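A.B. asks: Any chance you could fold what I've pasted below:
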Amino acid sequence: MSGPECCSNPPILSPTAGNGTVEKLGALDCYLTASPHSNFAVLMLSDIFGYQAPLLRKLADKVAAAGYYVVVPDLLEGDPFKPHDSLNDLPVWLKDHGPVEKGAEGSKPVIEALKSKGFSAIAGVGFCWGAKVAVELAKSRLIQTAVLLHPAFLSVDDFKDVDTPIAILGAESDKYCPPELVKQFEELLAAKPGIVFVLTGIEFC
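C.D. replies: Numbers count the residues shown, from 1 in each chain. So this is what the prediction gives:
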């Protein structure tokens, strides 16, 4: 989440957006869009506006076209942060929509369902709220790599147990994850074995 502008220009949610289909996976509604012969799965974890955001689904379609089986789960279970709400209402909404409790725990049955389909390599791509979910899954080694875009609700402590290859795409004008905080993440991760990519200065909103 970059800042208040994210709520002043929210997406217009659409259950029919995208070229994929909505199906049950791990007991959750999921937007599925896939290359027909992919052996690799990408779990795209939404921001606070949920899995019906048209741009999120468009991006999922693009990733699928590159050769991946892409799943966008409805981790918010039909209750995204409402576009007419303001950031002042966000702490109240988060009490029932914690990225650890709601997001990471809710992702586990979806991951198990993907494994049962034969996918042994799963990447987690988290946007804003979903970035925290991806980090939690990485700590549990439930995914093999993670990408965080405009991450929110993260601290340095969140990365202490991460040894999974990870990319952090922040922004120069991000209120919730400014470059100086991303730098701290980078310093901690750089001391760990494995491949770690950290990119900053990218705008998505």
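A.B. asks: What is the distance between the one helix or strand Ile168 maps to and the centre of its chain?
C.D. replies: Secondary-structure assignment from DSSP states H and E places Ile168 in strand 166-169. Relative to the chain's own centre, strand 166-169 is displaced by 11 Å; criterion: Cα atoms, centre = their mean, to the nearest Å.
A.B. asks: Pull up the pairing partners for that strand, direction included.
C.D. replies: Within its sheet, and counting by DSSP bridges, strand 166-169 is paired with strand 145-149 (parallel), strand 197-199 (parallel).
A.B. asks: So which other helices or strands are in contact with the next helix or strand after it?
C.D. replies: Elements were assigned by DSSP H and E; along the chain past strand 166-169, the next helix or strand is helix 179-190. Applying 3 or more Cβ pairs under 8 Å, 6 or more residues apart in numbering; DSSP states H and E, one finds that helix 179-190 contacts strand 166-169, strand 197-199. (Glycine included, C-beta is placed from N, CA and C.)
A.B. asks: least reliable of the ones you listed going by mean pLDDT?
C.D. replies: Among the helices and strands packed on helix 179-190, strand 197-199 carries the lowest mean pLDDT, at a mean of 63.
A.B. asks: where are the low-confidence patches of the chain?
C.D. replies: 1-8, 83-87, 194-205 (pLDDT under 70).
A.B. asks: what ranges do the helices span in it?
C.D. replies: According to DSSP state H, the chain carries its helices in the segments 5-8, 54-65, 90-95, 105-116, 129-139, 179-190.
A.B. asks: right, and Gly103 touches Ala131 too?
C.D. replies: No. Shown here, Gly103 and Ala131 do not form a contact pair, counting by Cβ atoms under 8 Å, at 9.8 Å.
A.B. asks: Ala134: how many residues sit nearby?
C.D. replies: Using other Cβ atoms under 10 Å, Ala134 is surrounded by 32 other residues.
A.B. asks: what residues are up against it?
C.D. replies: Under the criterion of Cβ atoms under 8 Å, 6 or more residues apart in numbering, the contact partners of Ala134 comprise 45, 124-126, 143, 146-148.
A.B. asks: rerun that using 6 Å as the cut-off
C.D. replies: For Ala134, the contacting residues are 45, 124, 126, 146, 148, by Cβ atoms under 6 Å, 6 or more residues apart in numbering.
A.B. asks: Isn't Phe159 up against Phe185?
C.D. replies: Yes. Contact criterion Cβ atoms under 6 Å: Phe159 and Phe185 qualify, at 5.5 Å.
A.B. asks: For the two, indicate the residue with more neighbours.
C.D. replies: Legend: neighbour count by other Cβ under 10 Å for Phe159 and Phe185, higher for Phe185 (25 against 22).
A.B. asks: Out of the helices of the chain, indicate the one that is most buried.
C.D. replies: Looking across the helices of the chain with neighbours counted as mean count of other Cβ atoms under 10 Å, the highest average goes to helix 129-139: a mean of 27.
A.B. asks: Any figure for the gap between Val92 and Lys175?
C.D. replies: Going from Val92 to Lys175 by Cβ to Cβ, to the nearest Å gives 19 Å.
A.B. asks: Thanks again, I'm all set now.
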